[in-house]
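Chemist: This is a predicted model, with the sequence first.
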Amino acid sequence: MFEHKQVSSASAHAFSATAEAFSSEFSGREQPSNEPSNSVPSVRATSDRVAELQFRISQMQSRSLNTKLIPTHPAIGQLLPGGGLQQGTVYSIDKSMMLLMALLAPPSAAGSWCAVIGVPEFGLEAAARLGVNLERLVLVPHPGDQWLAVTAAIADVIDLVVARPPSRASDSAVARLASRLRQRKSTLLMMGSWPQSEAMVSLGESRWHGIGAGHGHLAAREVTVTVTSKSAARPRSARLWLPDSSETIRSYRDHETAKPDLTVLPDLVALPDRSAPPDRTAVPQRVSA
């Protein structure tokens, strides 16, 4: 019913209707100044109504206060609302395999089970090199038309679930899935935009290091990670190595460069073609008289 630190549209409508009902009830009751006996019950009724509203608000906030954070990379966690990935919440993730693996590695290494649904190109070797524990990873490359039911079923037993929706889901299906995630305290990373998501994590400017003019190899990549959330007034961004030359994901510092630096090869000198036959042009002989 209620999203983390946010009120869904249906909840907001119900809360607004309740508030309007209370407001109309009080505003329609005019108390003459010469009738102090009637003002006492009115004040008491108002106090009871306020206490009831405070109780409802505390119920809304209790879940967010008790919500635990799932381990995530500090460089990315500092951009997220609450300082990390929160249980029972949905996040929209940019369609980047490297960013996805960076989010999966810390919880996987900490002992959480992870699942990837509907992403057949997810590379196991690359995930392992970035720190994802393959023994705690469940892959469902082709869930078919029932991908939403598969996602909900796996979220019952898996801590962190990744899914790529092949089609748009109905509002009722989105609401049911969100309710299930809250009950099971599972976190869902949706690749692409998704309604009712807590935040959107996307990649901005990207720059590769290590490739030269026809020589070298890709050694490091610096990117801008931006988090746009409903609870923040403006997006938050940070520059990251994703990864650096040692295959480590970390914050980018302005004074550093990708290491190791490229070794520039000397210019090649053209050698004579020894495969050509020697020049046997006859030299004119001097003839004596």
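Modeler: Noted; the coordinates are in hand.
Chemist: Going by C-alpha atoms from here, please, whenever you check contacts or count neighbours.
Modeler: Fine.
Chemist: quick one: residue 193 and residue 93 touch, right?
Modeler: Yes - in this structure, residue 193 sits in contact with residue 93. The criterion is CA atoms under 8 Å, and the distance is 7.5 Å.
Chemist: Neighbour count: those two, which is higher?
Modeler: In this view residue 193 and residue 93 are compared by other CA atoms under 10 Å, and residue 93 has more residues nearby, 27 against 18.
Chemist: in the sheet, who's paired with that one?
Modeler: Each beta-bridge partner of residue 93 is listed here, defined by DSSP bridges: residue 191, residue 201.
Chemist: which stretches of the stretch 101-250 of the chain form strands?
Modeler: 114-117, 137-140, 160-163, 187-191, 199-211, 216-229, 236-241, 250-251 (DSSP state E, counting those that start in this stretch).
Chemist: which neighbours do residue 193 and residue 93 share?
Modeler: Here residue 193 and residue 93 share the contacting residues residue 200, scored by CA atoms under 8 Å, 6 or more residues apart in numbering.
Chemist: Flag the shaky bits of the stretch 151-289 of the chain, pLDDT-wise.
Modeler: Within the stretch 151-289 of the chain, the stretches with pLDDT under 70 are 213-214, 254-289.
Chemist: please redo it, this time with the cut-off set to 80
Modeler: Judged against pLDDT under 80, the low-scoring parts of the stretch 151-289 of the chain cover residues 210-219, 243-249, 252-289.
Chemist: rewinding a little: same list, the strands of the stretch 101-250 of the chain, but as TSV with mean neighbour count and distance to residue 148 please.
Modeler: Rendered in TSV, the data for the strands of the stretch 101-250 of the chain read as follows (neighbours: other CA atoms under 10 Å; distance: least, CA to CA, whole Å):
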stretch	mean neighbour count	distance to residue 148
strand 114-117	23	10
strand 137-140	17	12
strand 160-163	25	9
strand 187-191	25	11
strand 199-211	17	20
strand 216-229	19	24
strand 236-241	19	30
strand 250-251	18	34
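Chemist: The ones you listed: which one's closest to residue 97?
Modeler: strand 187-191 (9.8 Å; CA to CA).
Chemist: Contacts for the closest one, please.
Modeler: Residues contacting strand 187-191 (CA under 8 Å, 6+ apart): 85-95, 155, 159-165, 181.
Chemist: mind redoing it with 6 Å?
Modeler: Strand 187-191 has contacts (CA atoms under 6 Å, 6 or more residues apart in numbering) with 87-95, 160-164.
Chemist: same deal with stretch 114-124?
Modeler: Residues outside stretch 114-124 that contact it (CA under 6 Å, 6+ apart): 137, 138, 139, 140, 141, 142, 160, 161, 162, 163, 164.
Chemist: can you check stretch 175-184 too?
Modeler: Residues from elsewhere that reach stretch 175-184 (CA under 6 Å, 6+ apart): 88, 156.
Chemist: got the CA coordinates for that stretch in PDB?
Modeler: Only the C-alpha atoms of stretch 175-184 are listed here, as PDB (Å, rounded to 0.1, in the frame of the first residue of the first chain):
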ATOM      1  CA  ALA A 175       1.000  -3.100  -7.100                       C
ATOM      2  CA  ARG A 176       0.800  -6.800  -6.300                       C
ATOM      3  CA  LEU A 177       4.500  -7.300  -7.000                       C
ATOM      4  CA  ALA A 178       5.400  -4.300  -4.800                       C
ATOM      5  CA  SER A 179       3.300  -5.700  -2.000                       C
ATOM      6  CA  ARG A 180       5.000  -9.000  -2.300                       C
ATOM      7  CA  LEU A 181       8.400  -7.500  -2.100                       C
ATOM      8  CA  ARG A 182       7.500  -5.600   1.100                       C
ATOM      9  CA  GLN A 183       6.200  -8.700   2.700                       C
ATOM     10  CA  ARG A 184       9.300 -10.800   1.800                       C
END
